[in-house]
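[1] this one's sequence-less:
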């Protein structure tokens, strides 16, 4: 491992990419501490302490605590993610976007441009909604969050937050182009792990002070290690569908005749099902924060508390539902079957065309269920365990899967750079040790 890390810095291009990525992280974290003008930071802190377990807390997790502090990066990269998901959904129902998805590089450039436009529109709308919301609330202590409400504050907040999101989007694109890994994913990744050191230090202080017992904390640490290992195993899990290509003679050359496979991921939907399910489950509790004096609303809030049985059951079922829903959007068995038939490929024992599409759909239906159930378990178990151990920071299934997935993707890109230059990579050395 140490030798592989040294090899990273021996390659000038790879060293330059890694250092450039770290520099972008540094800039991103600095922006996460620059406050938005016109905000009472003390009142804002009181409000978020009262709004635990709501959509605000979920959103704050993805932006590394910048939303809770209402900094210039308060919206984070989430408007870009929302615009990307919307365009991906439109690509499954609108012919124009379907055509763009099949036009190769030119189509991807147009989709990227539309995604940027959508990011600007969504961030502007969200910034305006946040400015109106901040003006309308006061904490239980009677403090106002906005110092000087009015049209000036709204316009300034829109300009600040929207500009911050556009700048973050540009940073992510710079990482993708000149750094290492997927820039947008790494922006979310660094936002999540940025909260871990403070949370860990807080837990250590509680244990040393005697306010918390070491046994539950040790149990939590073991659970996190086992969960990370399990998520790595399932994320890397694939069902290989064998494909045979018939021989073709073109001119004086013969093409095809080789055997290959289609790798179908157990978790094709990624973290999207957990994000959708979390947003839906936290919406009722978010609404109840607007009616602090209503007994009915407080009862509904108790029903949808993260530790309640109702919340856990519905949350798990929604994750499984969205796993199937999003997998059906991102994987089209009919297109896969048509592409195989176009190039003379077929699955042994399965007729090309409709039967191949039905077979692929059947395989995807079967392998998606255990993957969805596993990630539902990963998402639910931290809610129970961290509630019983009274941990001081949140590191649930959503953040765990994002961190592991992005780390694996980035590690694989570094691995490819090392192997191209005849260095032993991280993963290759592990395989060699297993053979021994």
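    The structure has been received and is ready for your questions. Bear in mind the structure is a predicted one, so any value in this text is a computation, not a measurement.
[2] make it CA atoms for all contacts and neighbour counts henceforth
    Fine.
[3] Can you tell me the element residue 264 falls in?
    Assessed by DSSP states H and E, residue 264 sits inside strand 259-265.
[4] what's the answer for residue 128, then?
    Assigned by DSSP H and E, residue 128 belongs to helix 105-136.
[5] Residue 276 too?
    helix 272-288.
[6] for the very next helix or strand once past that helix, packing partners?
    With elements assigned by DSSP H and E, the helix or strand that comes after helix 272-288 is helix 295-303. Contacts defined by 3 or more CA pairs under 8 Å, 6 or more residues apart in numbering; DSSP states H and E place helix 295-303 against helix 272-288.
[7] Let's verify residue 239: helix, strand, or coil?
    Under DSSP: H, G, I helix; E, B strand; the rest coil, residue 239 falls in the strand class.
[8] which residues sit in contact with the residue nearest to it when sequence neighbours are not counted?
    Spatially, and ignoring its direct neighbours in sequence, residue 239 is nearest to residue 264 (5.1 Å; CA to CA, 6 or more residues apart in numbering). Contacts here follow CA atoms under 8 Å, 6 or more residues apart in numbering; on that basis residue 264 touches 238, 239, 240, 241, 364.
[9] contacts for stretch 308-322?
    272-274, 276-278, 281, 302-306, 369, 372-373, 375-377, 379-380.
[10] Now restrict these to buried residues only.
    Buried members of those, scored by 16 or more other CA atoms under 10 Å, are 272-274, 277-278, 281, 302-306, 369, 372-373, 375-376, 379-380.
[11] which residues of the stretch 201-350 of the chain score low on pLDDT?
    Confidence mapping of the stretch 201-350 of the chain against pLDDT under 70 gives the ranges 247-257, 279, 282-283, 285-286, 288-293, 306-307.
[12] And the strands in the stretch 251-400 of the chain?
    Secondary structure of the stretch 251-400 of the chain (DSSP state E, counting those that start in this stretch): strands at 253-255, 259-265, 345-346.
[13] Pull out the buried positions in the longest one.
    Within strand 259-265, the residues scored as buried using 16+ other CA under 10 Å are 264, 265.
[14] so what strands line up beside it?
    In the sheet, strand 259-265 lines up against strand 238-245 (antiparallel) (DSSP bridges).
[15] same deal with the shortest one?
    Each strand that strand 345-346 pairs with, and the sense of that pairing, follows from DSSP bridges: strand 238-245 (antiparallel).
[16] Not counting the partner strand itself, show me its contacts.
    256-266, 343-348, 367.
[17] circling back to that earlier point, could the strands of the stretch 251-400 of the chain be laid out in a markdown table, adding distance to residue 196?
    Formatted as a markdown table, the strands of the stretch 251-400 of the chain follow (distance: least, CA to CA, whole Å):
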| stretch | distance to residue 196 |
| --- | --- |
| strand 253-255 | 53 |
| strand 259-265 | 29 |
| strand 345-346 | 48 |
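[18] closest one to residue 122 among those?
    Nearest to residue 122 among these is strand 259-265 (31.1 Å), distances taken as CA to CA.
[19] what about that closest one, distance to the chain center?
    Mean C-alpha position of strand 259-265 versus that of the full chain (CA atoms, centre = their mean, to the nearest Å) differs by 25 Å.
[20] what about the helices in the stretch 51-200 of the chain?
    Along the stretch 51-200 of the chain, counting by DSSP state H, counting those that start in this stretch, helices occupy 55-62, 66-69, 78-90, 95-101, 105-136, 151-178, 183-193, 196-209.
[21] and these, which one is worst for confidence?
    If the helices of the stretch 51-200 of the chain are sorted by mean pLDDT, helix 55-62 sits at the bottom with a mean of 64.
[22] biggest helix in this structure, by residue count?
    In the chain, taking DSSP state H as the definition, the longest helix is helix 354-389.
[23] Off-centre distance for that one?
    Using CA atoms, centre = their mean, the offset of helix 354-389 from its chain centre is 16 Å.
[24] who does it touch, helix- and strand-wise?
    helix 214-236, helix 309-330, helix 333-342, helix 397-420.
[25] Identify whichever of the ones you listed lies nearest to residue 18.
    Among these, helix 397-420 comes nearest to residue 18, with 9.2 Å by CA to CA.
[26] about what we covered before: buried residues in the longest helix of the chain, which are they?
    Within helix 354-389, the residues that count as buried by 16+ other CA under 10 Å are 356-357, 359-361, 364, 367-369, 371-376, 378-386, 389.
[27] which non-adjacent residue is nearest residue 17?
    Nearest to residue 17 is residue 179, by CA to CA, 6+ apart, at 4.2 Å.
[28] gap between that neighbour and residue 10?
    Computed as CA to CA, to the nearest Å, the residue 179 to residue 10 distance reads 16 Å.
[29] With residue 24 instead?
    Between residue 24 and residue 10 the distance is 21 Å, computed by CA to CA.
[30] ok, now residue 79?
    Here residue 79 is placed at a distance of 38 Å from residue 10 (CA to CA).
[31] okay, the two: which has more neighbours?
    residue 79 (25 against 13; other CA atoms under 10 Å).
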